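Visitor: Sequence first, predicted coordinates after that:
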Amino acid sequence: DQQVKQNSPSLSVQEGRISILNCDYTNSMFDYFLWYKKYPAEGPTFLISISSIKDKNEDGRFTVFLNKSAKHLSLHIVPSQPGDSAVYFCAASAVIYNQGGKLIFGQGTELSVKP
Amino acid sequence: GAVVSQHPSRVICKSGTSVKIECRSLDFQATTMFWYRQFPKKSLMLMATSNEGSKATYEQGVEKDKFLINHASLTLSTLTVTSAHPEDSSFYICSARGQGHTEAFFGQGTRLTVV
């Protein structure tokens, strides 16, 4: 049972344009959501997060939007840069329920930003 | 962000031998550590969660006698793959989370190849 889903395995965007990566979840107990960026043969790097009490969090070029009623979140990168090319994972956490905050990851979306 | 160091980054071992992977939090105390496994072009699969000083909690389907996890201190957790077989070949990643923090920081990952 895939509790966190990223339905687009890949996304290609032109440099300077907006990249929008999507993520859906099924477990209503999730109360914290994170986005990670991963290069091949490296561990994921934390990008940005959002608590379920908010619907938007912004950090520089990165903005995460959360729609709790739709159980959907998205990561916007604007403007996109070639260095943003990587695999992006969304992750969800429920601090209250078992194991105190383990992260459940989506399948990842490979972003390619073309010059 | 906080630094998590994972060692070794690559290891090749013979079938039937055991391999130990170390995960250290360098600049914070990791009350919780997570071990993940990633198959090619797949998501990060949580294997187990460990809290310092207590036994690890394994996810369904993960053999605890095969994947031994020790979290003896607030800065070190180890994963030992016992009696490794070629199907254990994978990319293993640890992450660590400090008390009161929701973000987990990842190590660089370990590429295990069993021949």
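Guide: Arrived safely. Residues are numbered from 1 along each chain as shown, chains lettered A, B, ... in the order given.
Visitor: For the residue in chain B that chain A sits nearest to, which residues are in contact?
Guide: Using CB to the nearest CB, the single residue of chain B nearest to chain A is residue B:106, 3.6 Å away. In this view, the C-beta of every residue, glycine as well, is placed from N, C-alpha and C. By CB atoms under 8 Å, 6 or more residues apart in numbering or on different chains, the residues touching residue B:106 are A:36, A:43-46, B:4, B:93-95.
Visitor: I'd like to know the beta-bridge partner residues of it.
Guide: On the basis of DSSP bridges, residue B:106 is bridged to residue B:95.
Visitor: re the thing from before, of all the contacts of residue B:106, which comes closest to residue A:73?
Guide: Nearest to residue A:73 among the contacts of residue B:106 is residue A:36, at 13.1 Å by CB to CB.
Visitor: returning to that earlier point: which entries within the contacts of residue B:106 meet the buried criterion?
Guide: When the contacts of residue B:106 are checked for burial by 16 or more other CB atoms under 10 Å in any protein chain shown, the buried set is A:36, A:43-44, A:46, B:4, B:93-95.
Visitor: so what's the residue nearest the centre of chain B closest to, chain neighbours aside?
Guide: What sits nearest the mean C-alpha location of chain B, by CA atoms, centre = their mean, is residue B:35, with 3.7 Å. Closest residue in space to residue B:35, ignoring its immediate chain neighbours: residue B:47 at 4.6 Å, by CB to CB, 6 or more residues apart in numbering or on different chains.
Visitor: Would you tell me what helix or strand the one you found is located in?
Guide: strand B:44-51 (DSSP states H and E).
Visitor: so after that strand, what's the next helix or strand?
Guide: Per DSSP H and E, the first helix or strand lying C-terminal to strand B:44-51 is strand B:57-58.
Visitor: now for that following strand, which elements pack on it?
Guide: Packing partners of strand B:57-58 (3 or more CB pairs under 8 Å, 6 or more residues apart in numbering or on different chains; DSSP states H and E): strand B:44-51.
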